[in-house]
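Colleague: Build me a model:
(chains A and B)
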Amino acid sequence: MSPSSRPFLGPASLLAVLLPVACAALPGRGPTDTGPYRDEAALEGALRELVEAGRGTVSLSSIGTTRGGRPIHLLEVGTPGSAPLAERPGILVVAGLEGTHLLGTEVAVEAVRGLLAARGKEPSVDRLLAEAALYVIPRASPEAALARFGKPLVERPGNGLPCDDDRDGRADEDGPDDLDGDGMILRMRIEDPAGTMVADEEDPRILHPADPLRGERGRWKVEAEGIDDDGDGQTNEDPPGDARPDRNFPQGYPEHEADAGPHSASEPETRALLEFCLGHRNVAAVLVYGRHDNLAQPPEDGDAAEGRGIVTKFLKGDLPLLKEVAGRYREITGSKAKGERADAGGSFAAWAYFQFGAPVLAASLWRPDFENLPAATAPASAPGSAPASVPSSRPAAKDEAIEEERKRLRWNDAVLGGSGFVPWHPVAHPRLGTVDVGGWRPFVLNNPPAAEIPGLAEKQARFLAALGEFLPRVRVGQARIESRGGDLYAIEASVENVGRFPTATEIGRRTAKVRPVRVRLELPEGAALLAGERQTLIPLLQGGGGRSELRWIVRARSGSAGTLEVDTDRAGKDARTLRFEGGAPR
Amino acid sequence: MRARLPILLGLLLPAPLAPPGPAQARNPHKVEIAFNRFYDYDELVGQFRRLHEAYPDLTRLEAIGRSYEGRDLWVLTIANRRTGPEKEKGAMWIDGNVHGNEVQGGEAALYAAWYLLDNYGRLEKATELVDERVFYVLPSQNPDGRAWWFAAANHPHSSRSGKRPVDDDRDGVADEDGPDDLDGDGNLCQMRKRVPDGTHRLDPDDPRVMVPVEPGKTGDWILLGSEGIDNDGDGKVNEDGPGGYDLNRNWPSDWLPHYVQFGAGEYPLSHPESRAIADFLLAHPNVAAVQSFHNNGGMILRGPGAQERGDAYPAADQRVYDRIGADGEFMLPFYRYMVIWRDLYTVHGGFVNWTYEGLGIFSFTNELWNESQYTGGKGDLDPKARLKWNDLLMLGEEFVPWHEVDHPQFGRIEVGGFKKMTGRVPPPWMIEEMCHRNAAFCLKHADSMPKVEIEAVETEPIGEGTFGVTAVVRNLGLIPTRSGRAAGKRLGRPDLLTIAGPGIEVVGGGPLPERFRPESVSLVKDEPARLVLEEGVGSHERRRFRWIVRGRGEVSVVYDAEKGGVAAARATLP
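Modeller: Purely as a prediction, here's the structure:
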């Protein structure tokens, strides 16, 4: 039986660990409640619980603070013993970079809890905790997450840095408003001769651009729910500003785009993550939970390693590694949740691969499962959805975006019982008369119902344990010492990588970000190195036993001992004592 | 009826402390500073402190941050508080010495500050600049590199970096094998060794000069590089010296990582020096001109730093650059006005590239000192000519004669060559001229900064209780209030033109493109009493704006430009 097909702790037992927590955080249902998702205090409480539960295996600290003074938490997980965490190959898990993706935080926290619970029961987990360092940053952008717990409920991906979106010399003076007092910011549709949107024929809750060539004529203007707070004739044109740390990293930075921050690496969250990574050169794999994905859909093609400019596509040499891990991921999780490309400009994932040189694994974790809807669910004809003014001849599925939205609404009706999409309903608007308010409830499309979280976290815990088996590990292989008469000794030794990943990715070598494997020969007092290098730098040891052989001739006293040391950034270190024995005076 | 009542805000009226006197040389100066020598970092800061103490009303001295080794980054602000708030005046930023060894930028910045203050109330232009403009002067972007260059044995090209350790040879240890002053004479020179199968021979006319032998011939010397030993026993000499980065590649515009752009640093503004300076500039949006002094070669450089950034420089901005650059070539013999990538080399993430491309500020880097100045442009500067200069004009001071030294790895060798204060920096007696010409170029650049005035507010009745009000706004500067770059990329705050009065209602308004057709006013959709002007007012441009106003009484019009000051005028509607 291969390790991969062996049940991991058993879903039932892990669920038993996870469920009470998830349920305990469920404070009842309502349109604006925080659901299973943890606010600042609840998250901190959960992290302290993990420290407690870890009994010396988990420590909690912070990698920086936001402009609002909020700590960015870090969990360091690893069984004390073999080597300090900094000298073990590391896995870094980063979640909560975007305020819209609360799920990642929950999964990261619960996956750690799952790993702790599996100690002593699952050998791969014990190995991970004993031989690797697991770093978890569960909420990399705490300011952004606040939007999920404030009122009115509104999606905000970034950290709220004030920004003059409408270029009128004032910042954030006209944001959305909760017109109907339901505690949420939805969409607002206004019947307007200048409107460009029409209702979809199949599902009139959907509004899409009118196609004049099909004889359609726009009927609605669609905006975020709100009023013209500053009286400039425009509605919601300068909402609370935003800088998205996950668009602020210096790889493919989207310069001068409004939500990307004033310049690259301008945001405290960005700098905290950069400094963390740069201070933890042992991080050998980066796992990002967020809007990006390269696990459900690994990159298909890559660039050659040659060339002089900045690399912007995954390098060919790293594709097999990324594909193999992605395959393992799909095997374990069954996830098909697609996301944006992991090399998206300005993202942490892009920086972590293209400049930090680590294998980057991005998972969006979840999306509504359109394919397996419960049977016999006709699309609901929602109240408040007026029929389109002009009959549409648009055939089904002609437009991919419309078809996707139809699927989402079918899922909403079948799985959420219609609760995810608020039907269009008339509301009196102070300036515009009667308008309709409705649309997707904030956060519902990126964050699943509570019941799905434990299952997702359990799979991620299993994947983390599996990922541990991939990490590179250097060892001193054989080390032969031969007396060459008198006090002369010949040393022949090899160093090797017994892990699966190479000691450096191709991008790590191209960027020179991963230090070569260093081999040092330390001789005893009075000994002399006659041939061979005291220090050798080896650019690469492939996984699966990739090795390098070295030779020296030394003059040493019989009975004395030296040391052969091998150390790396990302593949740990090892040492062997060399005993000079058997030499006879000539 | 037309009323012409241009009124500048009282705040902006020049109010010199003393009336300009006759322009003649005088002694002593209020602050005497010798410009025939270089100053280490503490001495340089001390001179700025003296300036501040002598001119407390016109200056402010503040530390805007700390270097890696904990030295304060001092900025001297020159501004006349009595003539208006600092933030309402266009400002010039002057710095130097971002590369630790390029020291003379510090003296040039000091000279610019000293010259302005020394001539305040004496020369009309200096007085005007101090009263109506602001200067932020940072003598060294890299205090650690400067301090190290002076304090330690160095050569002309060493100590370019800051002092933050970098593992140059990637062996896991940082800065473990730098150069060594083998003979303890305070100089880092060259090493040579006599061998039977050498690559060089001694020049028969001047044995101080090493000449490479032709292919196939055998010389009797080899060159062994800069003075130093294999400190860490890895078989290499001087392979991991102090620092190992370039503070002038650490800026956010077009930043690329170290493997593409050597010295870039880990990410934009990753160094305490660059971050402190960036924070200062972001907090001072009134900065409208930047000069960053380097050495050497005699260049007046502007961006783009890389060919692919060519689009970042709109044609109108290039014309402004070209005008200032042409004046620079006139003022600075042996200097050429150049585009960095095209005429020098490619730079990603340079300082002046960020100040222009990221902040929209017209910015130059002057490379101070050109070797042609050794001979006044006459004659070649081959090694023998350099030594002749050294012998005749410097009485031999610049060159360390070759002499024998024992080297732990190479055995008996010889050490000798030019000292650090040669080649890239002028000899002491030529420093002052270099400082003056470059400071004068800065003042010309500062004098080109935008300055808005409301030339006229014209009113005419156009019906019962209704008036047309036209404001003529003029930019007195060569530099537009909003560079094409700033307007195009929406950098900084747009200019604002407001009209207000207790008894008026603004019915509509906007820019007036055709002066003789008042109906051509381009009505804005919203808030006509507060016009938002992304493009600002161009180089030496006059722009007209017109409102339809109902009511009567006093009307005030205010133009507010981040980089061009604030101007106001009033009119009365009868």
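Colleague: going forward, measure contacts between C-alpha atoms and count neighbours the same way
Modeller: Will do.
Colleague: To what extent is residue 299 buried, counted in neighbours?
Modeller: Going with chain A. 21 (other C-alpha atoms under 10 Å in any protein chain shown).
Colleague: please go with chain B instead
Modeller: Using other C-alpha under 10 Å: B:M299 sits among 28 other residues.
Colleague: Quickly list what it is bridged to.
Modeller: Counting by DSSP bridges, B:M299 is bridged to B:R336, B:E367.
Colleague: Quick check: the residue nearest to B:G241 when sequence neighbours are not counted vs B:C189, distance?
Modeller: In this structure, B:G241 finds its nearest non-sequential neighbour in B:G178, 3.5 Å apart by C-alpha to C-alpha, 6 or more residues apart in numbering or on different chains. Going from B:G178 to B:C189 by C-alpha to C-alpha, to the nearest Å gives 14 Å.
Colleague: Those two: which has the busier surroundings?
Modeller: Higher neighbour count among B:G178 and B:C189: B:C189, with 31 against 19, using other C-alpha under 10 Å.
Colleague: how about that one, what does it touch?
Modeller: B:H155, B:S226, B:E227, B:V400, B:V415, B:G416, B:G417, B:F418, B:K419 (C-alpha atoms under 8 Å, 6 or more residues apart in numbering or on different chains).
Colleague: what does the stretch 101-250 of chain A have sitting close to chain B?
Modeller: Counting by C-alpha under 8 Å from any C-alpha of the partner chain, the stretch 101-250 of chain A comes close to chain B at A:R167, A:D168, A:G169, A:D232, A:G233, A:P250.
Colleague: Which members of those occur in strands, if any?
Modeller: Residues of those located in strands (DSSP state E): none.
Colleague: and those, which are buried?
Modeller: A:R167, A:D168, A:G169, A:P250 (16 or more other C-alpha atoms under 10 Å in any protein chain shown).
Colleague: low-scoring pLDDT stretches of chain A, where are they?
Modeller: A:1-35, A:375-398, A:584-586 (pLDDT under 70).
Colleague: hmm, back to that, report the two of the residues of the stretch 101-250 of chain A next to chain B separated the most.
Modeller: A:G233 and A:P250 (37.2 Å; C-alpha to C-alpha).
Colleague: residue of the stretch 401-550 of chain A with the smallest distance to chain B?
Modeller: Nearest residue of the stretch 401-550 of chain A to chain B (C-alpha to the nearest C-alpha) works out as A:T511 at 5.2 Å.
Colleague: ok, that residue touching A:A358?
Modeller: No - taking contacts as C-alpha atoms under 8 Å, A:T511 lies outside contact range of A:A358: 10.7 Å.
Colleague: how about the strands of the stretch 51-200 of chain A, start to end?
Modeller: Using DSSP state E, counting those that start in this stretch, the strands assigned to the stretch 51-200 of chain A run over residues A:58-65, A:71-77, A:90-95, A:133-137, A:187-191, A:197-199.
Colleague: ok, residues contacting the fourth one?
Modeller: Residues from elsewhere that reach strand A:133-137, judged by C-alpha under 8 Å, 6+ apart: A:72-78, A:85-86, A:88-95, A:108.
Colleague: do the third one as well
Modeller: Counting by C-alpha under 8 Å, 6+ apart, strand A:90-95 makes contact with A:104-105, A:108, A:132-140, A:282-290, A:468, A:570, all of which sit outside it.
Colleague: run the last query once more with 6 Å
Modeller: In this structure, residues lying in contact with strand A:90-95 by C-alpha atoms under 6 Å, 6 or more residues apart in numbering or on different chains are A:104-105, A:132-139, A:282-289.
Colleague: Check the second one too.
Modeller: Contacts to strand A:71-77, defined as C-alpha under 6 Å, 6+ apart, come from residues A:57-65, A:134-137, A:140.
Colleague: want to throw those into JSON lines with neighbour count?
Modeller: Shown next, in JSON lines, are the contacts of strand A:71-77 (neighbours: other C-alpha atoms under 10 Å in any protein chain shown):
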{"residue": "A:T57", "neighbour count": "18"}
{"residue": "A:V58", "neighbour count": "24"}
{"residue": "A:S59", "neighbour count": "18"}
{"residue": "A:L60", "neighbour count": "16"}
{"residue": "A:S61", "neighbour count": "13"}
{"residue": "A:S62", "neighbour count": "14"}
{"residue": "A:I63", "neighbour count": "18"}
{"residue": "A:G64", "neighbour count": "21"}
{"residue": "A:T65", "neighbour count": "19"}
{"residue": "A:L134", "neighbour count": "25"}
{"residue": "A:Y135", "neighbour count": "22"}
{"residue": "A:V136", "neighbour count": "23"}
{"residue": "A:I137", "neighbour count": "26"}
{"residue": "A:A140", "neighbour count": "30"}
